[in-house]
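A.B. asks: Just the structure for this:
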Amino acid sequence: MSREEIIAALDEIDRLDLSDEERDALISEILDPLIEKDPQYALERFADKIKTDPDGIGSQLSSAMRAWAQKDLGAATAWLDRKIAAGDFDSKTLDGQSDVREEFEAALLGSLIEKNPAAGFCPIRCATRRSEAKCFRILAIRRA
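C.D. replies: The predicted structure is shown next:
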């Protein structure tokens, strides 16, 4: 499917009379091909899912962050910084940790390491030491 065909399919899904769970399941099925073709569009179109579905589509979008960062690290980093500043990755847990934010940061860090391996030893993206360690664990799992 082309980018335009995928977007048309997503638009059609939006028009269907489905429950949120059914809609998200269909979106999730065709999101990966969209991420491959246009990761920036995927992130922008489904950015609300970072908050509303952090364990589903929101988490799936971390692969879009990595793909976009591989194409345009500066733009992907700026987008993530804006979303963090807007509170889109804020956690409601007592410890304040956001798993989906850590997934996005690990994706960005992974792309940075691929472009410049020495930069990986200076992880400036992760907010805390605990989250920094988790970013590296996520990154190690994805690279394995």
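
A.B. asks: now the helices for the protein?
C.D. replies: 3-15, 20-37, 39-45, 49-52, 57-60, 62-71, 73-85, 99-115, 129-143 (DSSP state H).

A.B. asks: ok, residue 38 - how many residues close by?
C.D. replies: If you count neighbours by other CB atoms under 10 Å, residue 38 ends up with 19. No exception for glycine: its C-beta is placed from N, CA and C like everyone else's.

A.B. asks: same thing with residue 8?
C.D. replies: 12.

A.B. asks: State the pLDDT value of it.
C.D. replies: pLDDT recorded at residue 8 is 97.

A.B. asks: just residue 115 next, same as before
C.D. replies: 75.

A.B. asks: again, but for residue 133
C.D. replies: If you check residue 133, the pLDDT there is 57.

A.B. asks: do the same with residue 75
C.D. replies: 93.

A.B. asks: ok, now residue 109?
C.D. replies: 83.

A.B. asks: Near it, how many other residues are there?
C.D. replies: For residue 109, the neighbour count with other CB under 10 Å is 24.

A.B. asks: Please report the distance of it from residue 84.
C.D. replies: 14 Å (CB to CB, to the nearest Å).

A.B. asks: for the record, mean pLDDT for stretch 55-65?
C.D. replies: Here the average pLDDT along stretch 55-65 is 91.

A.B. asks: export that stretch as CSV, just CAs?
C.D. replies: C-alpha atoms of stretch 55-65 as CSV (Å, rounded to 0.1, in the frame of the first residue of the first chain):
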residue,chain,number,x,y,z
ASP,A,55,0.5,0.9,26.3
GLY,A,56,-1.0,0.4,22.8
ILE,A,57,-0.7,2.7,19.9
GLY,A,58,1.2,5.3,22.0
SER,A,59,3.9,2.7,22.6
GLN,A,60,3.9,1.5,19.0
LEU,A,61,4.7,5.1,17.9
SER,A,62,8.1,4.9,19.6
SER,A,63,9.2,3.0,16.4
ALA,A,64,8.0,6.0,14.4
MET,A,65,10.2,8.2,16.6
